[in-house]
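Participant: Quick one, fold the following:
(chains A and B)
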Amino acid sequence: MADVTVPVTTTAAPADPNVGWVRRFLRATEIDPRLIGMVVALVLIWIVFHILSAWRLSPPGTFNWWSGVFLRPRNLWIMSVQTASIAVMATGMVLVIVTRNIDLSVGSILGFVGMLMAVTQVQILPQYLGFGHPLTWIIAVAVGVVAGALIGGLHGFLIAFVGIPSFIVTLGGLMVWRGAAWWITSGRTVAPMDSTYKLLGGGPAGALGANLTWLIGIAACVLVVGGLALARQRKVRFNLPRRPLWAETLVGAVVCAVIVGFVLLVNNYPWPPIIARNYAQANNIPIPEGGLFIAHGIAIPVLIALGVALVMTFIARRTRFGRYVFAIGGNPEAAELSGINTRWVTMKVFMLMGALVGIASTIATARLDSATNAAGTLDELYTIAAAVIGGTSLGGGVGTIAGAVLGAVLMQSLQSGMVLMGLETPLQQMVVGVVLVLAVALDTIYRRRARA
Amino acid sequence: MSANGSPLVEMRNIRLAFGGIHAVENVTITLYPGEVVGLVGHNGAGKSTLIKILSGAYRKDSGEILINGTPATINNPRDAKSYGIETIYQTLALTDNVDAAANMYLGRELLTRWGTLDDAAMEDATRKVMGRLNPHFRRFKDPVKALSGGQRQSIAIARAIHFNARILIMDEPTAALGPAETAQVGQLIRQLKSEGIGIFLISHDIHDVFDLGDRISVMKNGRLVATARTTEVTKDEVLGMIIMGNVPPKLQRPEVRA
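Facilitator: Modelled structure (predicted):
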């Protein structure tokens, strides 16, 4: 017995150099292990799809990594644009789900608000401003965002103050706003959009070009390093424990490397030759040997989505409102007893969600250059799936904005990869469904392990 | 536990009826600085109702509340907090998914001059308070879900005393805890006592009350059966008071006070 008890007491000592370097690394850098898990899963999916596409496109019986099409700037750039709309909505859905609610109406609101914006800029504003007025797009977007916030506010009021379950209110909203989108123009598609508004949806003109993209990338790096330094300085002032300097440096370096990598990626996707040639002819630029290389740079909708994710992270982590959102999700009674106006916070969450749907609708309608009454159909499910794959717990209280954006990217990656593979549509849906359940299953198992 | 000067809290002839039922009927109790008064009785004896009148959750029909000898008006929990009365609820009113500092400052967050959360300042203050209450506590970064019952209870208590509580109401503070953690909370109560804080301790557990309390007030059917020093009664006598309402002959004096 004595032999048994001695080692037990020694392993109970906290600092064992041989056990758990991964855990010690995570603790030092303060990175959420689930975020790393998601990034790893995403990279694996990318590599697998690239290999599959390379294998498909190589001559039979051979394999050439470089003939793969998935990990090319062109595919990744297009994927980033396709993700933008869902990613914007997923950031809001995180807060909705964290407060133990759900929003099933975002797809329908997207369709309705898109129709409103289209009618505003195509049928109403030209009567007063004429076509192509520089204010048109601003007014149209404002109409969309305000209408979205008002609709969200109405839902939020019914949920928080009248006490109807959010599932019911937004299920009703799902039907009402889809019908309303149809009703506005009796089902007619509204197109084309204002020429400036259209840029918000991406495309060669709707991207910032190489130089501006570099500028934004460098500014983002400066912001990251400055933010880390400032946070550290505050901790020094209060003499609180901080990350070791190497961990701080590593986090900053990795984030900056990702930013620079992204800039290099989008700056390596050139305009299609015909568009480049037309542009060159219109501006009297001589076309060099081997064609003109004009980089896309970051697409405007992607910039919008990243900006939204940044602002939403700030709201969730650094404001009182964000703290209350998580407190309500964790224990509604405790939040109430602490003097938090839980109803008003809940209503504000839905207003915010509505405003974000307005932004997402701008991206979606601008990209398609038209508003149809079917726009956004099933988007509510993709949005919820993105949030949940990104680690948001339907039980409430847990979720991150970054996770939801990664979830949206992961789903779009699957979709794009399967399209590249030539997989049939029904199979694509089945795969996305399976992945959703699998992601939640893995998360549940991880949590159970973490608690034990 | 000096009897000189006025009591910290004096609730005089408190009455409260719900419909026709007298939940609290003509009850008078007192609390002195640095004293723990255990409030015991069956479910429905009126102890929680009485204490909710003090914490501002209910409004009394008649009677007087004196704080430091001067009449006090308590109409809601905010009034109670302004008199330095803090309540620790039975159900541990913590939000599980955020850390100790976020829980301590919930609803009263410190902000930077930019209007954002001042997490560094809140963590710093939390470390200082917890250093006083529970010096071994180190897990300031973890969500409180990951903590033991005793650690969680010490955060709930920290939250109550950090905002200058002089009167602490603890409603079944050890009901959800294991033996070791109950001991930890007991230690905490003794420490608060030594700092001059007055504590009302509501408990089902007679042993706890005898262990920690200076006096015991027994309630039954909305009335006060008797108040006694823990040193002058036995547990069996208290049980008799709780179950039968039998007041031992030695306590049948006009008023029993410390």
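Participant: any idea what residue A:63 is structurally, helix, strand or coil?
Facilitator: coil (DSSP: H, G, I helix; E, B strand; the rest coil).
Participant: How about it: what's its closest non-neighbour residue?
Facilitator: residue A:55 (5.6 Å; CB to CB, 6 or more residues apart in numbering or on different chains). Placement of C-beta: from N, CA and C, glycine included.
Participant: Count the residues that sit near that neighbour.
Facilitator: Close neighbours of residue A:55, defined as other CB atoms under 10 Å in any protein chain shown, add up to 14.
Participant: Summarise which helices and strands the strand or helix carrying it is packed against.
Facilitator: Using DSSP states H and E, residue A:55 maps to helix A:33-57. The elements that helix A:33-57 packs onto, with contact taken as 3 or more CB pairs under 8 Å, 6 or more residues apart in numbering or on different chains; DSSP states H and E, are helix A:401-420, helix A:425-451.
Participant: Chain B is nearest to which of those?
Facilitator: Nearest to chain B among the helices and strands packed on helix A:33-57 is helix A:425-451 (7.9 Å), distances taken as CB to the nearest CB.
Participant: The closest one - what's its average pLDDT?
Facilitator: On average, the pLDDT along helix A:425-451 is 84.
Participant: next one: stretch A:399-409
Facilitator: 96.
Participant: is that stretch anywhere near chain B?
Facilitator: No - residues of stretch A:399-409 are not located near chain B by CB under 8 Å from any CB of the partner chain, the shortest gap being 9.7 Å.
Participant: most packed of the helices and strands packed on helix A:33-57?
Facilitator: helix A:401-420 (a mean of 23; mean count of other CB atoms under 10 Å in any protein chain shown).
Participant: For the helix or strand harbouring residue B:225, name the packing helices and strands.
Facilitator: Per DSSP H and E, residue B:225 falls inside strand B:223-229. Here strand B:223-229 touches strand B:21-31, strand B:215-220, helix B:235-244, going by 3+ CB pairs under 8 Å, 6+ apart.
Participant: What angle do strand B:215-220 and that strand make with each other?
Facilitator: 160 degrees (axes from the mean of the first three to the mean of the last three CA atoms, to 10 degrees).
Participant: What are the contacting residues of strand B:223-229?
Facilitator: With contact meaning CB atoms under 8 Å, 6 or more residues apart in numbering or on different chains, strand B:223-229 is reached by B:25-29, B:37, B:41, B:46, B:214-219, B:238, B:241-242, B:245, B:247, B:251, B:256-258.
Participant: how does it look with 7 Å?
Facilitator: With contact meaning CB atoms under 7 Å, 6 or more residues apart in numbering or on different chains, strand B:223-229 is reached by B:25-29, B:214-219, B:241, B:245, B:247, B:251, B:256, B:258.
Participant: One more: stretch A:244-261?
Facilitator: So stretch A:244-261 is in contact with A:28, A:29, A:217, A:220, A:221, A:224, A:225, A:228, A:232, going by CB under 7 Å, 6+ apart.
Participant: what residues does the stretch 201-350 of chain A put near chain B?
Facilitator: A:234-235, A:238, A:240, A:318-320, A:323, A:326-327, A:329-331, A:333-335, A:337-340 (CB under 7 Å from any CB of the partner chain).
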